[in-house]
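Enquirer: Sequence first, then the predicted structure:
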Amino acid sequence: MSKHWSDEDLINELYGIGPGASHLDECNECRGRWLQVRERREVVLEQPDVAPGYLAAQREAIQEKLEGRRQGSGWALRMSPALAALSVIVLGVLLSRPTPAPQPTLASNGDEFFTEIYSMVESPEPWVAQPMYEMFED
């Protein structure tokens, strides 16, 4: 016995392009599924046709919905380039504001300031030893 037919095989057999009916003679399970597919097809074929007026009304309703959607969203599509340009301009204005000028540091005397800096940099003693010297000062 060969393997069971898939649903695709049954549908292909229904339309005359299946793998062949020899398996249906041998397999009871596939034959039962085959009979169900044929019965379902007969039920579908016996149903009355849909009235043309119903289909026309359905098509008109769909067209109205599509036209309403186009009319409602049309202004947004037309305005989107202008809104994008406006947002770029606003962003440019916000980001290009001038920054305040840096305020100079206030030193009591320029010569004294540089002398103190020079003495800190050029001192022969390490800065770690500074607290020890402060302990012995009076």
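Expert: Perfect, I can see it now. Just so you know, these numbers come straight off a predicted model, no measurement behind them. Numbers count the residues shown, from 1 in each chain.
Enquirer: can we go C-alpha only for contacts and neighbour counts from here?
Expert: OK.
Enquirer: what about Met79, neighbour count?
Expert: Neighbourhood size, Met79 [other C-alpha atoms under 10 Å]: 10.
Enquirer: Can you give me the distance of it to Ala51?
Expert: As judged by C-alpha to C-alpha, to the nearest Å, Met79 and Ala51 stand 44 Å apart.
Enquirer: What's the local residue count around Glu46?
Expert: 8.
Enquirer: What pLDDT is listed against it?
Expert: Confidence at Glu46, expressed as pLDDT, is 83.
Enquirer: Quick one: list the elements packing against the worst-scoring helix or strand of the chain on mean pLDDT.
Expert: Of all regular secondary-structure elements in the chain, judged by mean pLDDT, DSSP states H and E, the least confident is helix 110-121 with a mean of 75. In terms of contacts (3 or more C-alpha pairs under 8 Å, 6 or more residues apart in numbering; DSSP states H and E), helix 110-121 is not packed against any helix or strand.
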